[in-house]
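**Q** Fold the following for me, if possible:
(one chain, ligands or ions: 1)
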Amino acid sequence: MGDRVPRTVGGRAGADSGPAAGARPPVITSDEPGSFARGVLADRHPALVQQVRAAFPYGRREHEALDALLDEITDGAVRPLAPEDHDHADWAAWGRTCFGRSWFEVPFLWAESYFYRRLLGAVGYFGSLGEGPWRGVDPFAPFKRAELRGDAVEEELRALDALADAPAAERATALLHASLWGNRADLGFRVSAPERAAAEDVVSALVADDSASLWRLLPVGGPSTVAVVADNAGRELIPDLVLIDHLLAHRHARRVVLHVKPYPYYVSDAMTADVVDCLRRLTEAPGEAGRIGGRLWRAMGTGDLEVRTHPFFCAPLPYEEMPDDLRGEFAGATLTVLKGDLNYRRLVGDRPWDATTPFAARTAYFPGAVAALRTLKSDVVVGLERTALDTLEHSGAAWRTSGTHALIQVRA
Ligand SMILES: O=P(O)(O)OC[C@@]1(O)O[C@H](CO)[C@@H](O)[C@@H]1O
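**A** Residues are numbered from 1 along each chain as shown. Below you'll find the predicted structure:
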């Protein structure tokens with residue numbers, strides 16, 4: 001995959017070199033008992049292996065590979081890819097400091113990313129030597145499909161009818177919030193924490209809200225191109241697409257580029273096939289949802305909406321290390337909107353920052369204006385006011401990881 005993805009930075013995944021490394025706290029690892037990161041590796045990943053195994057009539061070879069992966073991620077040391085794997089050279093560089101060590105000791109973000117790569121390998125997603133019956137079969141597709149057909153999506157689509165005649169500003173705010181909170185519907189998040197998923201009933205709160213700056217960057221009738229870096233398919237991508245339709249239809253953007261993953265990742269992350277499934281779901285719906293679907297379908301045809309992908313989106317690296325072609329892409333956008341928790345961790349760096357570190361300082365390297373829309377599902381957060389932080393810390397709630405809180409942060 002990776003001539004366009006930096007390889008030379010592999011060492012940094014495990015070390016702390018690089019520009020302005022001096023003042024940075026160390027990257028998060030998963031070795032601290034009771035930590036969020038440890039729970040993901042110790043509970044979520046093994047549970048996911050079993051869910052994927054149960055979702056397909058895999059053959060003996062795939063079952064054996066899944067058994068081996070399960071052993072490795074629970075008790076073993078991180079093993080490299082086979083030399084014949086198409087992306088062996090990339091991962092050899094990125095994992096230089098990680099192979100042979102415990103999965104729990106290496107950087108959390110690297111371990112998660114590599115786990116998904118290995119899971120795909122175990123179920124034959126990349127085929128062997130370009131062949132193989134399971135090549136290209138998304139192991140997470142059954143979960144994504146079930147969600148798209150579920151009652152929650154049905155209800156959310158129906159709710160669009162009530163919004164159709166709302167004043168533009170009210171509609172804009174509602175759709176921005178729908179896209180933001182759609183990020184809570186993350187299937188990976190539900191694998192080992194159904195009680196957290198039930199937190200949907202909990203009163204939710206924004207810990208930072210720069211939405212006024214976001215709209216200021218996109219005046220009606222301007223020549224804006226908006227890049228949206230998608231996160232999850234289904235219940236998140238549908239409101240993302242509805243928001244994109246609003247940006248185009250109300251002339252906040254002349255063009256939108258939607259960036260998706262090149263292969264299945266973090267369970268429910270969106271790929272091109274998921275965009276197509278969501279567009280179909282919209283176009284087949286009655287009322288306003290169907291009209292939105294029709295407009296988006298046509299926008300794809302005219303180029304007003306374009307879907308793109310890049311290998312970097314599945315690389316275990318922070319955005320600070322993005323390759324030049326992607327940097328150029330984002331530099332050409334009026335605003336880049338990064339959806340979700342993982343994109344946030346990659347944007348600000350997967351480190352236990354002081355939460356009052358300014359968002360603008362952490363994202364100063366980003367080529368152009370950037371907005372993060374994210375529900376909080378991991379420990380990393382920056383850009384909070386001291387008083388807000390103190391209130392959250394004193395609340396006793398798991399506000400950083402439970403998905404009950406969210407943020408809209410913008411660096412113009
Ligand atoms: O990027 P997303 O879909 O919002 O969240 C990804 C996520 O579920 O995965 C990680 C744990 O596996 C956490 O960072 C986060 O909770």
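**Q** Phi and psi next, for Val78.
**A** Summarising the backbone geometry of Val78 under the convention degrees, to the nearest 10, its torsions are phi -70, psi 130.
**Q** need the contact list for it.
**A** Shown here is Val78, whose contacts under the criterion CB atoms under 8 Å, 6 or more residues apart in numbering are Glu72, Gly95, Cys98, Phe99, Gly100, Arg101, Ser102, Trp103, Val106, Ala111, Tyr114. For the C-beta atoms, the positions are set from N, CA and C on the backbone; glycine is no exception.
**Q** before we move on, what about Leu279?
**A** For Leu279, the set of contacting residues under the criterion of CB under 8 Å, 6+ apart consists of Leu241, Gly293, Leu296, Trp297, Met300.
**Q** Glu306 too?
**A** Arg255, Val256, Val257, Leu258, Met300.
**Q** mind listing what the host helix or strand of it pairs with, with the direction of each?
**A** Element membership of Glu306, judged by DSSP states H and E, is strand 305-309. Using DSSP bridges, the strands paired with strand 305-309 are strand 255-260 (parallel).
**Q** so, in contact with the ligand or not, the strand it pairs with?
**A** No. If you take CB under 6 Å from any ligand atom as the test, strand 255-260 misses the ligand, and the best it gets is 13.0 Å.
**Q** Now do the closest residue to Ala406 other than its chain neighbours: how many residues are near it, please.
**A** Spatial nearest neighbour of Ala406, excluding adjacent residues (CB to CB, 6 or more residues apart in numbering): Thr375 at 4.4 Å. The number of residues packed around Thr375, counting by other CB atoms under 10 Å, is 25.
**Q** surely Thr375 meets Leu342?
**A** No. Contact status for Thr375 versus Leu342: not in contact, 11.7 Å apart, counting by CB atoms under 8 Å.
**Q** which parts of the stretch 151-300 of the chain sit against the ligand?
**A** Residues of the stretch 151-300 of the chain lying close to the ligand by CB under 6 Å from any ligand atom are Asn183, Asp186, Gly188, Phe189, Asp231, Asn232, Tyr266.
**Q** Least confident of these?
**A** Taking those together, the minimum pLDDT is found at Phe189 (63).
**Q** just to revisit the earlier point, roughly how far out does the strand holding Glu306 sit from the chain middle?
**A** Centroid displacement of strand 305-309 relative to its chain, using CA atoms, centre = their mean, to the nearest Å, is 16 Å.
**Q** now the helices for the stretch 201-350 of the chain?
**A** Counting by DSSP state H, counting those that start in this stretch, the stretch 201-350 of the chain has helices at residues 211-217, 234-249, 272-283, 287-302, 324-331, 340-348.
**Q** Mean pLDDT added to these, as JSON lines?
**A** What follows is the helices of the stretch 201-350 of the chain, written out as JSON lines (pLDDT from 0 to 100):
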{"stretch": "helix 211-217", "mean pLDDT": "98"}
{"stretch": "helix 234-249", "mean pLDDT": "97"}
{"stretch": "helix 272-283", "mean pLDDT": "98"}
{"stretch": "helix 287-302", "mean pLDDT": "98"}
{"stretch": "helix 324-331", "mean pLDDT": "98"}
{"stretch": "helix 340-348", "mean pLDDT": "98"}
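**Q** residue boundaries of the strands in this protein?
**A** With DSSP state E as the definition, the chain shows strands at residue ranges 205-209, 225-229, 255-260, 305-309, 335-339, 370-375, 405-411.
**Q** list the helices and strands the fifth one packs on?
**A** To tie it back to what came earlier, the one meant is strand 335-339. Counting by 3 or more CB pairs under 8 Å, 6 or more residues apart in numbering; DSSP states H and E, the packing neighbours recorded for strand 335-339 are strand 225-229, strand 370-375.
**Q** Could you say which of those is packed most deeply?
**A** Per-stretch averages of neighbours, counted by mean count of other CB atoms under 10 Å, single out strand 370-375 among the helices and strands packed on strand 335-339, with a mean of 26.
**Q** Which strands or helices does it pack on?
**A** In terms of contacts (3+ CB pairs under 8 Å, 6+ apart), strand 370-375 is packed against helix 168-182, strand 335-339, helix 340-348, strand 405-411.
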